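In: below are the sequence and a predicted model; questions follow.
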Amino acid sequence: MPQRYLIYAAVAVAAGFIQKFLFARLAIGGDALGMTSRLQPDLILVLLVYLARTEGQLTGTTSGFLSGLLMDFLSGTLGANAFSKTVSGFVAGYFSDAEQRDNQTAFLVALAVSSFTGNFFYYLLMSALTIPIWKLLLIYSLGGAVYNVLIGFVLFHALLKRL
């Protein structure tokens, strides 16, 4: 096993804990907006999209499942994160291009599409169809994608560009 995969795994575990205990404080929405769940930036997804773009679709899909499983264990709900992150890693793999890993626009587009898709499936599974489809698409999927792209922009310039 290449050493870089162990580094990716260690970074993913650290990111999972940062996601659960620090990024949860950046959550927005809630009852004031008529939302049943609050949106929070997804650090794991940002890392996952970067990994899928640089290592390829298979690595992105596998990493998505494993990081989603980690988040499921940390949140206490088994399955929803694993499924949505697997789908997100698969989608991000379509944007795979190791030659252009420093291309900010390609990264942010991949992040937006992966985030929209992952959020759609996550909230669809977690809400058990109690959220109207328009709210699921516009507020949770699109809103989450926009929030992740904003955070991804900052993280891309602060950290990912240096990897």
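Out: Now that the structure is in, tell me what you want to look at. Quick caveat: nothing in here was measured; it's all calculated off a predicted structure. Numbering: from 1, shown residues only.
In: just checking, what's the longest helix in this protein?
Out: Ordering each helix of the chain by length in residues (DSSP state H) puts helix 104-127 first.
In: what residues of that one count as buried?
Out: The neighbour-count check on helix 104-127 (16 or more other CB atoms under 10 Å) flags 107-108, 110-124, 126-127 as buried. Every residue, glycine included, has its C-beta placed from N, CA and C.
In: what of stretch 76-95?
Out: So stretch 76-95, judged by 16+ other CB under 10 Å, has buried residues 80-93, 95.
In: and it, how far out from the chain middle?
Out: Put simply, stretch 76-95 sits 8 Å off its chain's centre (CA atoms, centre = their mean, to the nearest Å).
In: swap in stretch 93-112?
Out: Worked out by CA atoms, centre = their mean, stretch 93-112 lies 14 Å from the chain centre.
In: next one: phi and psi at Leu22?
Out: phi -110, psi -50 (degrees, to the nearest 10).
In: just to revisit the earlier point, from the buried residues of stretch 76-95, which is closest to Gly56?
Out: Nearest to Gly56 among these, counting by CB to CB, is Gly93 at 6.1 Å.
In: give the contact list for that closest one.
Out: Ala52, Gly56, Gln57, Leu58, Thr59, Gly60, Thr61 (CB atoms under 8 Å, 6 or more residues apart in numbering).
In: how about it, nearest residue that isn't a chain neighbour?
Out: Gln57 (2.6 Å; CB to CB, 6 or more residues apart in numbering).
In: again with Val113
Out: Val113 sits nearest to Val91 (CB to CB, 6+ apart), 5.9 Å away.
In: so that neighbour: helix, strand or coil?
Out: helix (DSSP: H, G, I helix; E, B strand; the rest coil).
In: what of the one 4 residues further on?
Out: Here Phe95 takes the coil state, with states given by three-state DSSP.
In: is it true that it touches Ala110?
Out: Yes - between Phe95 and Ala110 there is a contact under CB atoms under 8 Å: 3.6 Å.
In: before we move on, the earlier item: after the longest helix of the chain, next one along is what?
Out: Note on helix 104-127: by DSSP states H and E, the next helix or strand toward the C-terminus is helix 133-135.
In: ok so, going back, mean confidence score for the longest helix of the chain?
Out: For helix 104-127, mean pLDDT rounds to 93.
In: now do it: which elements does it pack against?
Out: The contact analysis (3 or more CB pairs under 8 Å, 6 or more residues apart in numbering; DSSP states H and E) places helix 104-127 against helix 43-55, helix 80-93, helix 143-158.
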